[in-house]
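# Need coordinates for the below:
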Amino acid sequence: MRAMLLVNPKATTTNQRTRDVLIRALGATVDLTVEETEYRGHAAHLSRKAHGSGFNVVAVLGGDGTVNEAVNGLLGTGDVTEEIDDESPREDSSDDGGDASGGAAGRPALLTIPGGSANVFARALGLPNDPVEAVGAILEALRDDRRRTVGLGQATWNGRRRYFTFCSGLGYDAEVIRAVEGLRGAGRKATPTRYVNTALHHYLSTDRRHAPMRVEGPEVPPVDGLFMAIVSNTSPWTYVGSTPVCPTPWASFETGLDLLGLQRLGPAAMCHLMPQIIGVRETLPTGRHLVQLHDEREFTLSAQRPVAFQLDGDYLGEVERVTFRSIPKALQVVV
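All right, here's what the predicted structure looks like:
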């Protein structure tokens with residue numbers, strides 16, 4: 001079995017010694033080629049190259065951002081985002097994920113080793129958050145040739161298209177991610193404490209009076225007045241340390257997309273919501289100010305003014321309209 005391992009040398013929870021140990025362990029099981037990512041979008045380029053070169057597996061040692069890039073490369077986008085023609089037919093409405101090579105079975109499988117601050121996708125697949133323990137589980141999966149096919153989400157905006165593995169969002173949560181990315185650019189680590197502190201600090205400055213967003217879709221009646229919208233392809237949405245946060249507990253890789261929209265951001269509404277989404281949950285949160293969708297094939301979020309937009313924890317700027325689609329059986333993973 002030929003595998004290409006994409007290593008993010010800036011991954012926050014590994015050092016060179018740990019990476020060397022993990023590489024030797026994988027190299028003893030598969031024919032391994034190691035590539036380090038050097039710039040934003042490099043993992044997409046490398047995974048696309050691995051696909052064209054006949055590799056069986058693309059492994060990623062890094063965080064959710066590196067995983068997202070690799071997934072987009074595997075599914076055929078030329079870079080992290082792909083320019084598209086809005087007038088062209090929708091080629092990705094079938095179960096094969098829209099890839100001309102013939103779907104998930106025609107591409108290398110994805111293997112993820114957690115190396116970031118949250119590692120939501122790897123943990124949603126059931127892998128340990130510790131990279132050494134995760135590699136132990138992965139080696140067993142490789143020996144037994146255990147694979148799973150998962151669905152993905154897809155976002156289309158401003159003539160661009162990008163796949164996501166676990167979540168996207170518009171509004172307040174994307175504003176927090178933007179602020180944290182700014183702190184990371186200044187040399188600070190993206191720790192769970194920093195996310196929480198940034199969220200609390202930013203809550204005081206966000207607009208909590210003028211809700212700009214609407215959600216609607218082919219099978220979704222229009223609903224106005226959203227301050228924030230979380231779009232989920234699985235659950236949990238994220239983690240605070242070891243604690244899962246589950247605003248859409250019914251979301252899964254085997255169903256369509258879920259959404260939680262907030263029509264209020266006041267202290268009372270947030271205090272009512274937060275205890276309902278912290279920790280493992282099986283029931284939906286309740287509240288008259290909530291808008292919830294489950295197992296949807298397609299819907300669009302539009303805004304009266306530009307709002308912050310994130311995808312798999314990566315801030316992508318401000319947008320006024322994004323269409324989300326569920327892409328079933330899009331990707332094979334080793335797990």
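# any idea how far the most far-flung residue of the chain relative to its centre is from Val245?
When distances to the mean C-alpha position of the chain are computed (Cα atoms, centre = their mean), the maximum falls on Ala28, with 30.1 Å. Computed as Cβ to Cβ, to the nearest Å, the Ala28 to Val245 distance reads 37 Å. From N, CA and C alone the C-beta is placed, and that goes for glycine too.
# How about Asp173?
Asp173 sits 10 Å away from Val245, going by Cβ to Cβ.
# Pull stretch 27-34 out as PDB, backbone CA atoms only.
Coordinates of each C-alpha in stretch 27-34 appear next as PDB, following Å, rounded to 0.1, in the frame of the first residue of the first chain:
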ATOM      1  CA  GLY A  27       6.500   3.700   7.500                       C
ATOM      2  CA  ALA A  28       6.800   0.200   9.000                       C
ATOM      3  CA  THR A  29       3.300  -0.600   7.800                       C
ATOM      4  CA  VAL A  30       3.000   1.100   4.400                       C
ATOM      5  CA  ASP A  31       5.200   2.400   1.600                       C
ATOM      6  CA  LEU A  32       5.300   6.000   2.900                       C
ATOM      7  CA  THR A  33       6.200   9.200   1.200                       C
ATOM      8  CA  VAL A  34       6.400  12.300   3.500                       C
END
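# Give me the residues contacting that stretch.
Contacts with stretch 27-34, where a contact means Cβ atoms under 8 Å, 6 or more residues apart in numbering, come from 1-5, 7, 23, 26, 55, 57, 139, 142-143.
# Just the buried positions in stretch 183-199, please.
Within stretch 183-199, the residues that qualify as buried are 190, 194-195, 198-199, counting by 16 or more other Cβ atoms under 10 Å.
# about what we covered before: ok, Asp173 and Val245, which is more surrounded?
Between Asp173 and Val245, counted using other Cβ atoms under 10 Å, Asp173 has the larger neighbour count: 23 against 17.
# Quick check on the more buried one: phi, psi?
Backbone dihedrals for Asp173, given as degrees, to the nearest 10, come out at phi -70, psi -40.
# who's in contact with it?
If you count contacts by Cβ under 8 Å, 6+ apart, Asp173 has them with 228, 230, 310.
# Strands - which of these land there?
In strands, defined here by DSSP state E, the members of the contacts of Asp173 are 228, 230, 310.
# Out of these, flag the one nearest to Val71.
Within the set of the ones in strands among the contacts of Asp173, Gln310 lies nearest Val71; the separation is 15.9 Å, counting by Cβ to Cβ.
# Show the pLDDT at the residue nearest to the closest one when sequence neighbours are not counted.
Spatial nearest neighbour of Gln310, excluding adjacent residues (Cβ to Cβ, 6 or more residues apart in numbering): Ala174 at 3.9 Å. We have a pLDDT of 94 for Ala174.
# Checking Ala174 next. Helix, strand or coil?
Three states are possible here, and by DSSP: H, G, I helix; E, B strand; the rest coil the one that applies to Ala174 is helix.
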